[in-house]
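**Q** what follows is a protein structure lacking sequence information:
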């Protein structure tokens, strides 16, 4: 191997490492709060009761105005589902808005400066959360974190920059593993850290809370990520390959018609529809476990560990080994069918054994879908449009994650878990039908680049 080849391989490994950690931290930021939602509502209600009211108190009063008393069996507050859905959606809505902005900006100025800027924002968001004595500071921290997490499109584009079209699916599987690990550690951190109460002066806006340890650990991880990026990441998009980026970036829902390739439009629409269903079911799992099995945060941690490790195994072993034989499109279709079966199993009350089996199927489904749809989007894109198209793709997922929890929360609140999960299952038929119309990438293109 020549010195040039060795240098390219080193750059590729460094890029994979930094991108892996960046996507991992974005998923930690999104999921670390999941196990905390039930206790978070109670914490801020108690604090605001001592101060004579506040935003959370007004929310609960609004629910009561519609005739609901706020408590269900075994102390489970059903309005927590709506509370969590709204708070979780803030993060995802901002990710949706900023993914194409960061993606197009990185097409113009390069990946490195955009990643440095956004990871700095991630650190700031976590730093604020450490001292979120007041609920509005928590909302501010999630707002900053959501804006910064739009860098998913930039990180994914960096992987595309350093992989050939032939190996694109394998590269995107690394992205999938980062998602899986973040999904493991995020809820695990939240569940573990909830056992340490650092509460300070409850009357101060800037104060430690029972959730400060989770925020502190996340902040330290984000700081390591930023430092590693600053020291190890080299620019992956040469100046001669950068687009002009003159047009004003707008959210994906307004820009999807600008995507020239119809296959890319279909993969984005498939991902959007799939993620509406999956993110809604993923989000309500915490409340389903509390309602049916009276789970505590440590039990919820075990549940997310199963999901996360299944994602890692399925993406790291099955997808990487068999996607070349099965094909991206066929593997994605299989993932949707697995999700359909899993949601139907979750819809009906059952033993914990069947509950965990359904979680296993659901995790395998998303493991098959996420990297393969990402790869299809990338493979049908030109080098000049990688950042833009992947920004549309990730932004489509972000708006789905914004809508999914709210829609699933409302369905859960109004009609119960059985209806919510059954509706989620049949919603998966839409992306299945859309994906049938996506052509396979031309193999001759791979051979030319191989």
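**A** Received the coordinates, thanks. Note that the coordinates shown come from a computational prediction; the quantities given were computed from them, not determined experimentally.
**Q** may I have the secondary structure class of the closest residue to residue 198 other than its chain neighbours?
**A** Among residues not flanking residue 198 along the chain, residue 208 sits closest, at 4.1 Å (CB to CB, 6 or more residues apart in numbering). In this view, the C-beta of every residue, glycine as well, is placed from N, C-alpha and C. At residue 208, secondary structure determined by DSSP: H, G, I helix; E, B strand; the rest coil is coil.
**Q** what's the burial count for residue 208?
**A** When neighbours are counted by other CB atoms under 10 Å, residue 208 registers 19.
**Q** could you pull up phi and psi at residue 207?
**A** The phi/psi pair for residue 207 (degrees, to the nearest 10) reads phi -150, psi 160.
**Q** confirm for me that it is in contact with residue 133.
**A** Yes. Residue 207 is within contact range of residue 133, at 3.0 Å (criterion: CB atoms under 8 Å).
**Q** ok, back up a step: tell me the pLDDT at the residue nearest to residue 198?
**A** In this prediction, residue 208 carries a pLDDT score of 88.
**Q** now it: how far from residue 123?
**A** From residue 208 over to residue 123 the distance is 18 Å, taken as CB to CB, to the nearest Å.
**Q** likewise residue 82?
**A** Counting by CB to CB, the gap from residue 82 to residue 123 is 30 Å.
**Q** now do residue 288
**A** Counting by CB to CB, the gap from residue 288 to residue 123 is 33 Å.
**Q** residue 233 too?
**A** Distance of residue 233 to residue 123, computed by CB to CB: 16 Å.
**Q** more neighbours, these two?
**A** Here residue 233 and residue 123 are compared on neighbour count by other CB under 10 Å; more neighbours surround residue 123, at 23 against 20.
**Q** ok, for the more buried one, nearest residue in space, not its chain neighbours?
**A** Of all residues not flanking residue 123 in the chain, residue 222 sits nearest, at 4.7 Å (CB to CB, 6+ apart).
**Q** pLDDT weak spots in the stretch 151-300 of the chain?
**A** Scanning the stretch 151-300 of the chain for pLDDT under 70 picks out 165-173, 176, 180, 199-203, 244-254.
**Q** so where do the helices sit in it?
**A** 152-161, 168-193, 212-232, 252-255, 262-293, 297-313 (DSSP state H, counting those that start in this stretch).
**Q** how about the helices in the stretch 1-150 of the chain?
**A** Taking DSSP H, counting those that start in this stretch, the helices of the stretch 1-150 of the chain run over residues 3-31, 37-51, 55-65, 79-109, 111-130, 135-148.
**Q** most tightly packed of the ones you listed?
**A** Most buried of the helices of the stretch 1-150 of the chain by mean neighbour count (mean count of other CB atoms under 10 Å) is helix 79-109; its value is a mean of 24.
**Q** how near is the nearest residue to residue 186 once chain neighbours are set aside to residue 179?
**A** Of all residues not flanking residue 186 in the chain, residue 31 sits nearest, at 3.3 Å (CB to CB, 6+ apart). Separation of residue 31 from residue 179 (CB to CB): 10 Å.
**Q** over to residue 338?
**A** 17 Å.
**Q** and the two? Which one has more around it.
**A** The residue with more neighbours, out of residue 338 and residue 179, is residue 179; 25 against 22, by other CB under 10 Å.
**Q** who's in contact with the residue nearest to that one when sequence neighbours are not counted?
**A** Once flanking residues are discounted, residue 179 sits nearest to residue 27: 5.4 Å by CB to CB, 6+ apart. Residue 27 sits next to 178-179, 181-183, 186 when contact means CB atoms under 8 Å, 6 or more residues apart in numbering.
**Q** could I get those in TSV, plus columns for distance to residue 143?
**A** Shown next, in TSV, are the contacts of residue 27 (distance: CB to CB, whole Å):
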residue	distance to residue 143
178	23
179	22
181	25
182	20
183	22
186	18
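**Q** relative to residue 374, which of these is nearest.
**A** Of all the contacts of residue 27, the one sitting nearest residue 374 is residue 179; the distance, using CB to CB, is 10.1 Å.
**Q** that closest one: what's it in contact with?
**A** Listed by CB under 8 Å, 6+ apart, the contact set of residue 179 reads 23-24, 27, 311, 315, 370.
**Q** please repeat the previous calculation with a cut-off of 7 Å.
**A** When contacts are counted by CB atoms under 7 Å, 6 or more residues apart in numbering, residue 179 is found next to 23, 27, 311, 370.
**Q** how close does the third one get to residue 94?
**A** Read it as residue 311. 24 Å.
**Q** could you pull up phi and psi at the closest residue to residue 156 other than its chain neighbours?
**A** Using CB to CB, 6+ apart and skipping residues adjacent in sequence, the residue nearest residue 156 is residue 390, 4.8 Å away. The phi/psi pair for residue 390 (degrees, to the nearest 10) reads phi -70, psi -30.
**Q** neighbours of residue 390, how many?
**A** Other residues within reach of residue 390, judged by other CB under 10 Å, total 31.
**Q** again, but for residue 221
**A** Count around residue 221 with other CB under 10 Å applied: 22.
**Q** check residue 236 too.
**A** 23.
**Q** my read: it touches residue 111, true?
**A** Yes. Counting by CB atoms under 7 Å, residue 236 does reach residue 111; the two are 5.4 Å apart.
**Q** what's the overlap in contacts for those two?
**A** The contact sets of residue 236 and residue 111 overlap at residue 158 (CB under 7 Å, 6+ apart).
**Q** now the closest residue in space to residue 197 that isn't next to it in sequence: how far from residue 85?
**A** Closest residue to residue 197 apart from its sequence neighbours, by CB to CB, 6+ apart: residue 210 at 4.5 Å. Look at residue 210 and residue 85: by CB to CB, they are 21 Å apart.
**Q** swap in residue 155?
**A** Relative to residue 85, residue 155 is positioned 26 Å away (CB to CB).
**Q** tell me the confidence at the nearest residue to residue 226 once chain neighbours are set aside?
**A** Of all residues not flanking residue 226 in the chain, residue 119 sits nearest, at 4.4 Å (CB to CB, 6+ apart). Looking at residue 119, its pLDDT stands at 94.
**Q** kindly report the same for residue 400.
**A** pLDDT for residue 400: 84.
**Q** residue 276 is in contact with that one, correct?
**A** Yes. Residue 400 is within contact range of residue 276, at 4.4 Å (criterion: CB under 7 Å).
**Q** look at these two and report which has more neighbours.
**A** residue 276 (26 against 23).
**Q** ok, that one - contacts?
**A** Applying CB under 7 Å, 6+ apart, the residues contacting residue 276 are 400, 403-404, 407, 427.
**Q** and residue 381, how far is that from residue 340?
**A** Taking CB to CB, one finds residue 381 at 29 Å from residue 340.
**Q** quick one: which of these two has more around it?
**A** Comparing residue 381 with residue 340 by other CB under 10 Å, the one with more neighbours is residue 381, at 26 against 21.
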